[in-house]
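S.K.: A structural model of the following input is requested.
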Amino acid sequence: MKNWLILPKNKVKLTIFSEFYKWWCKFIKNLFRAIAGFVILDLYFNLVTVQLGNPYLQFGSTLLFFPLAYYIAKWVGLDGLKGLGMMLHPGWKKNFFYSFTIGFSFWMLMFGFQFLNGELEFIGVKRPADVIMPIIEVFVGYFVGSLINDLITRGYIIQQLKGRIHIYWVFTISIMIYALDDYWYAGLSISNIIFSILLGLSLTYAFYKTGSIWADSGIHYGLNVAYGLFYGLVGNPEGGILKIREHGHETVPLQYIVPAMMFLFVFRFQRFYRKNTTIPMKKVPFST
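M.R.: Numbers count the residues shown, from 1 in each chain. Reported below is the predicted structural model:
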């Protein structure tokens, strides 16, 4: 009689432990996949694609990023590139155009202030023969680069976490990863991290409100094009389409003020974006 009373309790305990163990193993497995997928995509783009010196190899490796991202997204339980927010949904062109205008306008505003306060001096425009390659590099290179960076640091991260943890944590994780990932381009410093966090607010919010990559990448591409007009793809005053001279006496922290202003603008006018509602929101942590 005593054994009959104890055995069901032991069975219940064993069943609970077994179910918890299965859940925990699945959680760890999918967490590992999520982290490994991000690391593969990030290192491939920043170590393979960006660092290649040969332009033809660089172009080919860049194109290969998209099938790689497709299979990685499938592997971690997302719906390929669609699961990363890359789809031609109704209104995607509207989102991209509005966002490009926002990013380009605010960065041109920042350069305008720099010219007015003497940080930069406008010299002139390069000869037509000298601007063909810079134009191609700026408009093509920055488009692909902005899109890939957004797919990794926002599309991948947000779609992995959205609906599984509180949205404030989703924002925080995505923005901090973006800020730290900017090490590849601008180095690691407090100033760059603060700048990237402020910029990441607009990019992350645009993606979250629309569910697609185009509002996010439109802003990113627009500000990069504005930057490329003066600094080109290589990031120096001789590499752009417009000739400038730097005087290096910063009087106003525009690199903080302008991104903050842009976020307030995006936050206020986000209602003009077209939302993509076709991407499902998963409810189970790291479930495939």
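
S.K.: From now on I want contacts and neighbour counts done on CA atoms only, so please keep to that.
M.R.: Noted.

S.K.: where does the stretch 51-200 of the chain dip in pLDDT?
M.R.: 53-54, 186-187 (pLDDT under 70).

S.K.: In the protein, which residue is most central in space?
M.R.: Geometric centre of the chain, nearest residue: residue 150, 2.5 Å, by CA atoms, centre = their mean.

S.K.: In contact with that one, which residues?
M.R.: With contact set as CA atoms under 8 Å, 6 or more residues apart in numbering, residue 150 has these partners: 213, 216, 217.

S.K.: Leaving out sequence neighbours, find the closest residue to the last one.
M.R.: Among residues not flanking residue 217 along the chain, residue 147 sits closest, at 5.5 Å (CA to CA, 6 or more residues apart in numbering).

S.K.: Please, where are all the helices along the stretch 51-200 of the chain?
M.R.: Using DSSP state H, counting those that start in this stretch, the helices of the stretch 51-200 of the chain run over 55-75, 80-83, 92-116, 128-136, 142-150, 157-161, 167-181, 183-186, 190-210.

S.K.: picking up where we left off before, what distance do you get for the residue nearest to residue 217 to residue 197?
M.R.: Distance, residue 147 to residue 197, using CA to CA, to the nearest Å: 18 Å.

S.K.: what about the two, which has more around it?
M.R.: residue 197 (23 against 19; other CA atoms under 10 Å).

S.K.: Quick check: the more buried one vs residue 18, distance?
M.R.: 43 Å.

S.K.: closest one to residue 234 among the helices of the stretch 51-200 of the chain?
M.R.: helix 128-136 (9.6 Å; CA to CA).

S.K.: For that closest one, list every residue counted as buried.
M.R.: Using 16 or more other CA atoms under 10 Å as the test for burial, helix 128-136 gives 131, 134, 135.

S.K.: Need the residues that contact that helix.
M.R.: 232, 233, 239, 240, 241.

S.K.: Quick check: the fourth one touching residue 229?
M.R.: Yes - proximity of residue 240 to residue 229 meets the contact threshold set by CA atoms under 8 Å, at 5.0 Å.

S.K.: the more surrounded of these two?
M.R.: Using other CA under 10 Å, the more surrounded residue of residue 240 and residue 229 is residue 240, with 27 against 21.

S.K.: Tell me which residues touch that one, please.
M.R.: Applying CA under 8 Å, 6+ apart, we find residue 240 in contact with 131, 134, 228, 229, 230, 231, 232, 233.

S.K.: change it to 7 Å
M.R.: Each residue near residue 240 by CA atoms under 7 Å, 6 or more residues apart in numbering is listed here: 134, 228, 229, 230, 231, 232.

S.K.: what's the answer for residue 274, then?
M.R.: Taking CA under 7 Å, 6+ apart as the contact definition, residue 274 lies against 91, 95, 210.

S.K.: Recalculate using a threshold of 8 Å.
M.R.: Counted by CA under 8 Å, 6+ apart, residue 274 has contacts 90, 91, 92, 94, 95, 210.

S.K.: Please apply the same query to residue 244.
M.R.: Going by CA under 8 Å, 6+ apart, residue 244 touches 120, 121, 122, 123, 124, 230, 237, 238.

S.K.: Correct me if wrong: the second one contacts residue 115.
M.R.: What it means is residue 121. Yes - contact criterion CA under 8 Å: residue 121 and residue 115 qualify, at 5.9 Å.

S.K.: Pull out the buried residues from stretch 49-67.
M.R.: By neighbour count with 16+ other CA under 10 Å, stretch 49-67 contains the buried residues 49, 50, 58, 61, 62, 65, 66.

S.K.: Could you work out the most separated pair of those residues?
M.R.: Maximum distance among the buried residues of stretch 49-67 (CA to CA): 14.7 Å, for 50 and 66.

S.K.: so what does the helix or strand where residue 260 lies touch, helix or strand wise?
M.R.: Here residue 260, judged by DSSP states H and E, is contained in helix 254-269. Judged by 3 or more CA pairs under 8 Å, 6 or more residues apart in numbering; DSSP states H and E, helix 254-269 is in contact with helix 92-116, helix 190-210.
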